[in-house]
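**Q** Fold the following, please.
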Amino acid sequence: MGLPEGGVQITTAVDINLNPKSPEFFDCEINKKVSSGDDCGEQETEQVDSDDSSVNDSSNSDGGSDEIEQREIHVDNEEKSGDAEGLRKNRNDDDAEPTEVFHPNPQLPRPEAPPGVVALDTEEAEKIQSSPLIKRSNSSPESAAAAVQIPAFGKFFREKSNSLSAAITKRLSLLTDDNDDASEKKKVSNITEFHLSGLKVTVKLKNEKEEKEQFKGRITFFSRSNCRDSTAVRSFLRDRKLRYVEINIDVYPTREKELFERTRSTAVPQIFFNEKLFGGLVALNSLRNCGLLDERMKELLCRKCPDDAPAPPVYGFDDPEEENPDEMVATVRVLRQKLPIQDRLMKMKIVKNCFSSSEMVEALIHQFDCGRKKAVEIGKQLARRHFLHHVFGENEFEDGNHFYRFLEHEPFIPRCYNFRGSTNDLEPKSATTISLKLAKIMSAILESYASEDGYHLDYLGISNSEEFRRFVNLMQELQRVDISTLSVSERLAFFLNLHNAMVIHAVISIGHPGASVIDRKSFNSDFVYVIGGSPYSLTTIINGVLRNNRRPPYTFTKPFGSGDKRLELAFPQVNPLIHFGICNGSKSSPPVRFFTPQGVESELRFAAREFLQKDGIHVDLAKRTVHLTRIFKWFSVDFGQEKEMLKWLNGYLDATKAGLLSHLSGDGGAVHVAYQDYDWSINC
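**A** From the prediction side, this is the model:
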């Protein structure tokens, strides 16, 4: 049979002469004949002495001349390695007699296996040798492999594939073998990994317990924000990896009526298995302690959830509420149509989208047929309700040559993320109501999409949640709200909660700034809410309101100017604890928290203790060094000098750290203060 051009045919002939009288010595001569496919037909013969080849002894009975027979040796080396090559003898005659195998003398030293080939046991070797030889076709895989050298790269993958197939076959045979004893089956059932050379295969066995917990029904429970019993039920369901639907009646207030109709009470938590009321935390603990919980769950959740069960919340639908349009809306709509709104030159500046107060007074007189004094009073009411403002903030409203503009035309409006194209013309709700609702919605978001310690947030889950959508809608009600009606504690809780909520909203909307100084500055300054007709960014909330208009770190200007109306909301004294209640979205910042007006002071003290005891401070007694978070360096003016700062820290440390710090401060020696590195990566 002819070879294609460029092909290579490898034929191996093995001539073995064995003298049984000297078993210590044997010699193998291998003649390799290589014929190429070119026209020359040159052949090369190589003689190799081999000590690890199989030996076939053929001699006549009377010790006469030895008759050399050509044997065919089949070596299967594909499953173990590619180092050994199959040896095949050439037959001089195609009609030769069938091959007869002679076993080597047992007194001869047993040949060692080539590198990478596992030696067979004696019984397995006898089985292989006693099996009849099969004459292969020249087109078979073995013949092709012998004819052409396999590239090293392809051979590697072929070996790995064969090894993997052998391992999986062995695994299946062990699992299906009915003759194995019980102990062997138990041992096999625990196998979860195969370790092969350069390859690892992991098999995950199906857990019967997990299969049993795949119920057809639905678990639903009613909850409230910041409720310990609701948190306990939620943790239990998460630990058991049970799917559930939570209905927080602080987020969905209209569902409270449904809860009362089903349970005759508004107490939470209340757990439902399908349409059946299971009970609260007491019932859950009772059945769990007596071991009947699983049986009860199987009984109630064995069927699909019927239509009369509590329905899960639907995304995109707000609860119907009484919406009262502002009584001044009709007047504002008339003025928006009749006033000549245009750009004007004032004080060597171009002021855009404004109108004069005299033009507005004339329009009011003509529309309502009233006197000039009445028209001026209407203008003052519109200014107090934040429908319009003086272009430079000089006055509330005065008749004459003064210029004003509507809220939607303010230059900061395009940067406000709680403004959707037009002013909220509804009657503004009280600041107290909005503040309480803000705290409840954001607490519900934390309970569902944050880790237990608050250090890690699922921003993707938050962005797709109904709670976050309702939060964004709630923030639109801040456009014309009057914050000055809040008490000191209510105002403190409101601005702390608003800052942390704005950080979450900013990360979702514009992305986390990371470690870039320029990006962080833009993040803190350009993400703005309009509150009470004025813009508030993250930096103005921290440094302008909470820190009494102090300069931010590494800047030379204050957030508010001398005539800024927002100064009225700034706290007269700086509380250093605010820095442990503020989260900036990074891993080194304090965890996300939301505060209640009645307990904001105690909650801030708890937040400071928890943060300082975890990562905020480390005391090195040997080097007499105190390692502090960089918050103390950036806002050192709020904490005082180093000695005052260390003294202040003693009140918020555990006994161990407080004792070490007191020892360093009290022995009269020098105490060094170092600051830890700050991790600006996102806290997700």
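
**Q** who's Ala450 bridged to?
**A** Beta-bridge partners of Ala450, counted by DSSP bridges, are Leu457.

**Q** Could you measure from it over to Cys302?
**A** 34 Å (Cβ to Cβ, to the nearest Å). C-beta coordinates here come from the backbone N, C-alpha and C atoms, glycine included.

**Q** Same drill for these two, tell me which one is more crowded.
**A** Ala450 (19 against 12; other Cβ atoms under 10 Å).

**Q** mind listing what that one touches?
**A** Applying Cβ atoms under 8 Å, 6 or more residues apart in numbering to Ala450 gives the contacts 456-458, 592.

**Q** just Ile510 next, same as before
**A** So Ile510 contacts 523, 527 (Cβ under 8 Å, 6+ apart).

**Q** Ile631: neighbouring residues, count only.
**A** Ile631 has 23 neighbouring residues, counting by other Cβ under 10 Å.

**Q** Next one, pLDDT for it please.
**A** Listed pLDDT for Ile631 reads 95.

**Q** Quick check: it vs Lys614, distance?
**A** 13 Å.

**Q** and for the two, which residues touch both?
**A** Joint contacts of Ile631 and Lys614 (Cβ under 8 Å, 6+ apart) do not exist.

**Q** How many neighbouring residues does Glu321 have?
**A** By the measure other Cβ under 10 Å, the count of residues near Glu321 is 10.

**Q** What separation do you get for it and Lys429?
**A** Relative to Lys429, Glu321 is positioned 10 Å away (Cβ to Cβ).

**Q** what about the strands in the stretch 351-500 of the chain?
**A** 388-390, 403-406 (DSSP state E, counting those that start in this stretch).

**Q** Comparing the ones you listed, which comes out most buried?
**A** Ranked by mean neighbour count, the strands of the stretch 351-500 of the chain are led by strand 388-390 with a mean of 21 (mean count of other Cβ atoms under 10 Å).

**Q** so what does that one touch, helix or strand wise?
**A** helix 372-384, strand 403-406 (3 or more Cβ pairs under 8 Å, 6 or more residues apart in numbering; DSSP states H and E).

**Q** can you give me the end-to-end distance of stretch 331-349?
**A** 30 Å (Cα to Cα, to the nearest Å).

**Q** How about stretch 525-539?
**A** Rule used - Cα to Cα; the end-to-end distance of stretch 525-539 is 6 Å.

**Q** swap in stretch 414-431?
**A** 24 Å.

**Q** what sits up against it?
**A** With contact meaning Cβ under 8 Å, 6+ apart, stretch 414-431 is reached by 323-327, 329, 332, 385, 387, 406-408, 413, 472, 475-483, 485-486, 490, 494, 505-506, 509, 526-530, 535.

**Q** Of those residues, keep whichever come out buried.
**A** Those of the contacts of stretch 414-431 that meet the buried threshold are 326, 332, 385, 387, 406-408, 413, 475-481, 483, 486, 490, 494, 505-506, 527-530, 535, by 16 or more other Cβ atoms under 10 Å.

**Q** Count the neighbours of Asp239 for me.
**A** Per other Cβ under 10 Å, the neighbour tally for Asp239 reads 8.
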